[in-house]
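A.B. asks: could you work out the structure for the sequence below:
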Amino acid sequence: MRKIDVHDVIDNARFNRFHWMLLFWCALIIVFDGYDLVIYGVVLPVLMEEWGLTPLQAGALGSYALFGMMFGALIFGTLADRIGRKKAIAICVVLFSGFTVLNGFARNPTEFGIARFIAGLGIGGVMPNVVALMNEYAPKKIRSTLVAIMFSGYSVGGMLSAGLGMVLIPQFGWSSVFFVAGIPLLLLPLVLLMLPESAGFMLRNGRDEEARAVLKRVNPEYDLAVGELQMGSEIKTAGAPVVQLFTEGRMLRTLALWVAFFCCLLMVYALSSWLPKLMASAGYSLGSSLSFLLVLNIGAIIGAVGGGIMGDRLNLPRVLAGFFVAAAASLTLLGFNSPMPVLYGLIAIAGATTIGSQILLYACAAQFYDMNIRSTGLGWASGIGRNGAIVGPLLGGALMGIALPLQYNFMAFALPGAIAAIAMMAFAISSERGARAEPVAVA
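C.D. replies: I've put the predicted structure just below:
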């Protein structure tokens, strides 16, 4: 019986209805994931006034969700390689959607913080799994682009959060924006029906016929009727999945990814949590400050999709290094007085090269790790990175608390961009040396 390499089936597929369906449902999940996360920055000025929070207290309250995201990414990223990505995604949707709705009923910071922490478990856990699923089934030629487009749903969610905040908060109060987060719970049956399970997971668990049926939808032109499905170049190393992240020449690149994730997420969540408040303290109205958040996320979409296209055609790690240099420069310039068009342009560039880079980092990590450890690799990179996400709001709160000039706040946010650029150049150089020494097929 002939051998059928699953990677060949997927890599050489033409973009078709199956990919549209997968892209739609994964992107929709990420839209609400982004909505639920960014919503805190939208309601922050109102909560600080209503509950009498100091900047440091507000930063700490924002970190509860980020602690949850750290644990969620570590737990559900690793768990998905054991129970399947579809089940892990469903559990995470219930957590982040249900407990974000409960945030709207919070009567004090303690109740709010507990609900945000549990919602954070789902927000952090779903990210590595939808990225891994999209990456697994995407044709090789447009893999970075599709992952970037899918993950741009995060920025769409951020824009939706800011836009609805402008409309709903003045009319119905801050609680109203949290109730919108219940929509994914209503859609969960459809998500379970439409999302496929990972082909690699099905094959590892003896579900060959189910895998064959899904792969037939991925690439209808490939003859799957007769032949034994196998992972081809997939490396199945003995030992725990986490240990495998450091074997077979992966150590330096794994560590570089962790540093880049940490620095990038610090910038992303410092901006998402504090940009409206920083701009309000600089003299802009709440509505104008929220419009800056809107522009930040519009820039993120442009940066993610443009960077994905560049990554497919050029070298994704080097593209990311360039993005991080641009992030450091734009954030530094944001602290100085500029005409309004220039200010909006700098915010858009900052969004493109911080939030956009976060999206591209997921694509880079998904391509680097083999299919059998992909969710684990993504989960740990994201989980380690969440420490940066926790530091970001706390750093912003501390800087606001000591009342530094505006430019020093933004310079502090820019420094991690320079560090991330160095980390991604190290990743790129290590990958190129490894390719010259001994080419390794990447799933």
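A.B. asks: got the contact list for Phe201?
C.D. replies: Counting by C-beta atoms under 8 Å, 6 or more residues apart in numbering, Phe201 makes contact with 81, 84-85. The C-beta positions use only the backbone N, C-alpha and C, and glycine is treated the same way.
A.B. asks: just the mean pLDDT for the longest helix along the chain, thanks.
C.D. replies: Counting residues, the longest helix in the chain under DSSP state H turns out to be helix 17-51. Here helix 17-51 scores 87 as its mean pLDDT.
A.B. asks: and that helix, how far out from the chain middle?
C.D. replies: Centroid displacement of helix 17-51 relative to its chain, using C-alpha atoms, centre = their mean, to the nearest Å, is 11 Å.
A.B. asks: one step back: most neighbours of all the contacts of Phe201, which one?
C.D. replies: Taking other C-beta atoms under 10 Å as the neighbour criterion, Arg85 ranks highest of the contacts of Phe201 with 28 neighbours.
A.B. asks: how much space separates that residue from Pro128?
C.D. replies: 9 Å (C-beta to C-beta, to the nearest Å).
A.B. asks: between those two, what contacts are shared?
C.D. replies: Ser375.
A.B. asks: if we can go back for a sec, now the contacts of Phe201 as TSV including secondary structure and distance to Pro55?
C.D. replies: Formatted as TSV, those follow (DSSP: H, G, I helix; E, B strand; the rest coil; distance: C-beta to C-beta, whole Å):
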residue	secondary structure	distance to Pro55
Asp81	helix	40
Gly84	coil	43
Arg85	helix	39
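A.B. asks: nearest to Met310 among the residues you listed?
C.D. replies: Taking C-beta to C-beta as the measure, Met310 lies nearest Arg85 of these, at 27.6 Å.
A.B. asks: now the strands: where do they sit in the stretch 151-300 of the chain?
C.D. replies: Here the stretch 151-300 of the chain has its strands, by DSSP state E, counting those that start in this stretch, at 228-230.
A.B. asks: do the same with the stretch 1-150 of the chain
C.D. replies: Under DSSP E, counting those that start in this stretch, the stretch 1-150 of the chain gives strands at 3-5.
A.B. asks: low-confidence stretches in it?
C.D. replies: 1-2 (pLDDT under 70).
A.B. asks: what are the ranges of the helices in it?
C.D. replies: All helices of the stretch 1-150 of the chain, identified by DSSP state H, counting those that start in this stretch, fall at 6-11, 17-51, 55-83, 85-103, 109-137, 143-151.
A.B. asks: with the stretch 301-443 of the chain instead?
C.D. replies: Listed in chain order, the helices of the stretch 301-443 of the chain (DSSP H, counting those that start in this stretch) span 316-334, 340-368, 374-401, 406-437.
A.B. asks: any idea which of those helices gets closest to Leu146?
C.D. replies: Short answer: helix 340-368, nearest of the helices of the stretch 301-443 of the chain by C-beta to C-beta, at 8.7 Å.
A.B. asks: excluding its backbone neighbours, what's nearest Gly307?
C.D. replies: Of all residues beyond its chain neighbours, the one nearest Gly307 is Leu360 (4.8 Å), with distances taken as C-beta to C-beta, 6 or more residues apart in numbering.
A.B. asks: in this structure that neighbour contacts Ser152, no?
C.D. replies: No: with contact defined as C-beta atoms under 8 Å, Leu360 does not count as touching Ser152 (10.6 Å).
A.B. asks: more crowded one of the two?
C.D. replies: Leu360 (30 against 25).
A.B. asks: ok so, going back, intersection of neighbour lists for Leu360 and Ser152?
C.D. replies: Ala304.
A.B. asks: got the buried residues for the longest helix of the chain?
C.D. replies: Buried residues in helix 17-51, defined by neighbour count with 16 or more other C-beta atoms under 10 Å: 18-19, 22-23, 25-48.
A.B. asks: before we move on, the earlier item: which one of the helices of the stretch 1-150 of the chain lies nearest to Leu316?
C.D. replies: The closest approach between Leu316 and any of the helices of the stretch 1-150 of the chain, judged by C-beta to C-beta, belongs to helix 143-151 at 5.8 Å.
A.B. asks: which other helices and strands contact the closest one?
C.D. replies: helix 17-51, helix 109-137, helix 286-313, helix 340-368 (3 or more C-beta pairs under 8 Å, 6 or more residues apart in numbering; DSSP states H and E).
A.B. asks: what comes into contact with it?
C.D. replies: Under C-beta under 8 Å, 6+ apart, the answer for helix 143-151 is 19, 23, 26-27, 30, 130-131, 134-135, 138-139, 304-305, 307-309, 311-312, 316, 359-360, 362-364, 366-367.
A.B. asks: average pLDDT across stretch 164-181?
C.D. replies: 87.
A.B. asks: quick check: buried residues in it?
C.D. replies: For stretch 164-181, by 16+ other C-beta under 10 Å, it's 164-165, 168-169, 174, 176-178, 180-181.
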